[in-house]
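A.B. asks: Okay, predicted coordinates and the sequence, questions at the end:
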There are 2 protein chains.
Amino acid sequence: MQKLKNKRVISRLSRYKNALYRFRELGFERIFSDYLAEEVGVTPSQVRKDFSLFDITGNKRAGYQINILLEKLEQLFLKDRIQKVIIVGAGRLGSAFSHYRGFSREKIEIVAVFDVDPTKCVGSKGVVPIRPLSEMESFIKSEGIELGILTVPERVAEEVYQKMISAGIKGVLNFAPIPLKSTETCIVTTYCVELELETLIYFVNEGIGGLDAEDCD
Amino acid sequence: MQKLKNKRVISRLSRYKNALYRFRELGFERIFSDYLAEEVGVTPSQVRKDFSLFDITGNKRAGYQINILLEKLEQLFLKDRIQKVIIVGAGRLGSAFSHYRGFSREKIEIVAVFDVDPTKCVGSKGVVPIRPLSEMESFIKSEGIELGILTVPERVAEEVYQKMISAGIKGVLNFAPIPLKSTETCIVTTYCVELELETLIYFVNEGIGGLDAEDCD
């Protein structure tokens, strides 16, 4: 299969995977595209189109075999190995992510949290140690870390991001409310909660109901 | 102007607005599309196309007038009034959002936090009171609240979401890791941090660098 460069396809495939896990837990062995479409919030034809990327076609009467789909999707998302991730910024948001239990079922492991003040820890101490920010670069290099979650304040975000990149980080989820730019070696995705709320406010005020994320593109 | 139904256009307009604020703070009065494009991570032609929706065209030699653009954008996002938002779920993530300072500059006010256990509060108590979940519906109705941030555990997310809708909520940002469905009266946007990480992991492992959110659609 060719490399997929479309972020929204990849995001949909990840959502299919999670939905398929849920169906399998419920005892399903096969699934029709319209069930999966309903669960994920896309059209059945979109599901069929996305799976055709893997040369998988469903059977009109019997649907898709869940295990075969999951095998392909797990291969794609490298679910055979643990992905090590660091969190940079031990404020409330960083602390929330370091305690989040949803990572382990996705084989994502938060291996360290960094902060300028390693004694600072909002709420109860977690199992993940908080280390001084000055040790971040050597840690990234020695442990071969490629992924980071950036939850530092806005004013230092760019500086810390540059340090992460030069130490070898290749993918960053940024929660500082400024747009950071991807480079040749590092992809960054910024999530800005006020921007998401603002978009929602627009649709609510315009009285545009019944939209799903995928519907309104 | 016609109602815009495309979520990604609205999201870009929100990002232009925030970038324009930054340029204005730096003393700029006019701006070229390529500066704004660079700042937001889209192409200059995309910027020009988006602004043409407002019947605003830039001057090739002098660019756009920042104040005129901001006036239109503020109208669109109703920046003349305060948007009241509730948070449902006072765990670590809900607590992080209730303390977040980025909302006030966007005229977003968190007016209440609800939890099954209102005495629970991770970290220091905030200025926003935590109320019992049983009072949520009457609060939404009496205060005319239309927007909510949902940070409850996965297993109760659907049930709480339905209660929010029936009380009159019209827009929800969902952080529970299950897809909730928009209805005729309520739009929901789900953010799932493990799904975002997974998408990032795919691109990092495939060695696809240099992508920005807008580039890879």
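C.D. replies: Structure received.
A.B. asks: how deep is A:Val128 tucked in, by neighbour count?
C.D. replies: Residues near A:Val128, counting by other Cβ atoms under 10 Å in any protein chain shown, number 18. C-beta here means a position set from N, CA and C on the backbone, and glycine is covered the same way.
A.B. asks: check contacts around it.
C.D. replies: Listed by Cβ atoms under 8 Å, 6 or more residues apart in numbering or on different chains, the contact partners of A:Val128 are A:87, A:98, A:110-113.
A.B. asks: right, and the pair among these with maximum separation?
C.D. replies: Distance extremes for the contacts of A:Val128: the farthest pair is A:Ser98 and A:Val111 at 10.4 Å, using Cβ to Cβ.
A.B. asks: Contacts only, for A:Phe139.
C.D. replies: By Cβ under 8 Å, 6+ apart, A:Phe139 lies in contact with A:86, A:112, A:114, A:131, A:145.
A.B. asks: Mind listing what's buried along the longest helix seen in chain A?
C.D. replies: Longest helix in chain A, counting residues (DSSP state H): helix A:7-25. Residues of helix A:7-25 classed as buried by neighbour count (16 or more other Cβ atoms under 10 Å in any protein chain shown): A:7, A:9-20, A:23.
A.B. asks: Show me what the mean pLDDT comes to for the helix or strand following that helix.
C.D. replies: Helices and strands here follow DSSP states H and E; after helix A:7-25, the next one along the chain is strand A:30-31. Averaged over strand A:30-31, pLDDT sits at 91.
A.B. asks: Next one: strand A:30-31, is it in contact with chain B?
C.D. replies: No: between strand A:30-31 and chain B, judged by Cβ under 8 Å from any Cβ of the partner chain, nothing touches; the nearest distance is 15.5 Å.
A.B. asks: Which neighbouring elements make contact with that strand?
C.D. replies: Strand A:30-31 sits against strand A:64-65, helix A:66-76, with contacts defined as 3 or more Cβ pairs under 8 Å, 6 or more residues apart in numbering or on different chains; DSSP states H and E.
A.B. asks: Looking at those, which one is packed in the most?
C.D. replies: Comparing those by mean neighbour count (mean count of other Cβ atoms under 10 Å in any protein chain shown), strand A:64-65 comes out on top with a mean of 18.
A.B. asks: Now find how far off-centre that one is within its chain.
C.D. replies: How far strand A:64-65 lies from its chain's middle: 25 Å, per Cα atoms, centre = their mean, to the nearest Å.
A.B. asks: Stretch A:149-160 now?
C.D. replies: Its chain's C-alpha centre lies 19 Å from the corresponding centre of stretch A:149-160 when counted by Cα atoms, centre = their mean.
A.B. asks: For A:Glu74, give its distance to chain B.
C.D. replies: Look at A:Glu74 and chain B: by Cβ to the nearest Cβ, to the nearest Å, they are 11 Å apart.
A.B. asks: correct me, but that residue touches A:Lys17?
C.D. replies: Yes: A:Glu74 is within contact range of A:Lys17, at 7.4 Å (criterion: Cβ atoms under 8 Å).
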